[in-house]
Structure formats: C-alpha cells, structure tokens
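Structure here, sequence nowhere to be found:
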C-alpha cells in the first residue's frame, strides 16, 4: 500500500475524534505532574500520541486546541505557548513518518529532538513574557546561576528551558510510544499512520 502524504488534509472520523481525546490525555498528564510536584510538565502526551497515530497535522491541531482550551479555562498565557504545542505535534509527526518511532532506541532519540525543538520555540516566548524564566524551580535556579556568571539572558533562558524540556519530551515520547505499542491492532489500523510501523517487533 502506498503511504498517504503526511500533509494530507483528508481526515478520517477516527482522526478527528482523536483531537479531543488527546486534549484529555494532556490534561491528565499535567494534573499528574502537578499532584506529584514533578520537575516536568507531562502535558503533551496526547499531542505526541495523536501525531504518532494520525500524522503531524492532527498532532499540531491537538496541541493548538489543547492550549486554546487551557488558555480559556486556566491560564491565558497558554495561548502563546500554543506555538510550542504546534511545533511538537509537527516534529513528532514528521519524525514518525520518516521512521524515527519504529523502535525504543529511535523513540528515545526522537524524544531528545522534540525536546530541542520545543526549547528553541519556547525560549523567545519565555524571554518576551517572563524575562527568560520558565517557572520551573530547577530550570530557574540554573537560569539565575548562568545569568550571574555570563550576563546573557538568552543563554540563561535557553539552558533554563532545555534542562526541563528535553527530559520532559524524552519521557513524553517514550510514554506515548508505549501507549501506541499497547493499543490493539484494530485501533491503530484506523489511522493513516498505521502502515508506517513495519519493524515494531
């Protein structure tokens, strides 16, 4: 079977239903991280899973919708970070399409790449809205140290973001990959990406 273009706008009902499901999963992940006071966010598991299953456009839409809903109900600043969520969805979808999520080792490497993408996109936002800080205790502590030693807001902000985003996205991608691996074949086959995983076993 020929692979459908990853930029196809022909969405199945299953793919569209996946968007609110992904938003719900993101909320659960964020709540879990908050309750356990983890130094991570875990708020993009649904976005990543949507990208794995249905491609980069559905993943990006899931990320964007998530931030809009969160911005309307909890924190308005979430609207701005919708850019990061879209970037995460696109990055995972592209990596998946190219075969980067066909094994645990590749999934781990993909997680590191996605973390770097999120860092690059979020750093200017952090500088514009928060003076470069992330609000994460560990990251902001590093920010203060680097800023004191280098007087570079950009370097301090980049390192602040990367020490949180890379571990977070690594774990998120691995969790999402594990969920995908655990899905019944009948479920994964409902999505266009189901023919992109030829060496899972």
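Received it, and whenever you're ready, just let me know what you need. Given the structure is predicted, the values throughout are model-derived calculations rather than measurements.

going forward, measure contacts and count neighbours with C-alpha atoms only.
Fine.

shaky segments in this structure?
Low-confidence segments of the chain (pLDDT under 70): 1-4, 192-201.

make it 80
1-5, 9, 188, 192-201 (pLDDT under 80).

Please tell me how far the residue in it sticking out farthest from the centre sits from residue 156.
In the chain, counting by Cα atoms, centre = their mean, residue 149 sits farthest out from the average C-alpha position, at 31.4 Å. Distance from residue 149 to residue 156, counting by Cα to Cα, to the nearest Å: 9 Å.

Kindly report the same for residue 17.
Here residue 17 is placed at a distance of 40 Å from residue 156 (Cα to Cα).

Tell me which of the two has more neighbours.
In terms of neighbours (other Cα atoms under 10 Å), residue 156 is the more surrounded of residue 17 and residue 156; the figures are 27 against 10.

Let me know whether that one touches residue 148 as I believe.
No: Residue 156 is beyond contact range of residue 148, at 9.0 Å (criterion: Cα atoms under 8 Å).

Can you name every helix or strand that the host helix or strand of residue 148 contacts?
Residue 148 is located in helix 137-150, with elements delineated by DSSP states H and E. Applying 3 or more Cα pairs under 8 Å, 6 or more residues apart in numbering; DSSP states H and E, one finds that helix 137-150 contacts helix 153-182.

now the strands for this protein?
Counting by DSSP state E, the chain yields no residue ranges for strands.

For it, which segments count as helices?
In chain order, the chain shows helices spanning 13-35, 45-54, 56-73, 82-97, 104-130, 137-150, 153-182, 185-188, with DSSP state H as the criterion.

Give me whichever of these is most buried.
Relative to the other members of the helices of the chain, helix 45-54 carries the highest mean neighbour count by mean count of other Cα atoms under 10 Å, namely a mean of 31.

can you give me how far that helix is from the chain middle?
Distance of helix 45-54 from the chain centroid (Cα atoms, centre = their mean, to the nearest Å) equals 8 Å.

Against which helices or strands is that helix packed?
The criterion is 3+ Cα pairs under 8 Å, 6+ apart, and the helices and strands that helix 45-54 contacts are helix 13-35, helix 56-73, helix 82-97, helix 153-182.

Figure out which of those is closest to residue 132.
Ranking these by proximity to residue 132 (Cα to Cα) places helix 153-182 first, at 4.6 Å.

So which elements touch the closest one?
For helix 153-182, the elements it packs on are helix 45-54, helix 104-130, helix 137-150, judged by 3+ Cα pairs under 8 Å, 6+ apart.

now the angle between helix 153-182 and the last one, please.
Read that as helix 137-150. 150 degrees (axes from the mean of the first three to the mean of the last three Cα atoms, to 10 degrees).

which residues sit against helix 137-150?
Outside helix 137-150, the residues that touch it by Cα atoms under 8 Å, 6 or more residues apart in numbering are 39, 133-134, 152-153, 155-157, 159-161, 163-164.

now these in a markdown table, with distance to residue 102?
Formatted as a markdown table, the contacts of helix 137-150 follow (distance: Cα to Cα, whole Å):
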| residue | distance to residue 102 |
| --- | --- |
| 39 | 28 |
| 133 | 35 |
| 134 | 32 |
| 152 | 39 |
| 153 | 38 |
| 155 | 34 |
| 156 | 35 |
| 157 | 33 |
| 159 | 30 |
| 160 | 31 |
| 161 | 28 |
| 163 | 26 |
| 164 | 25 |
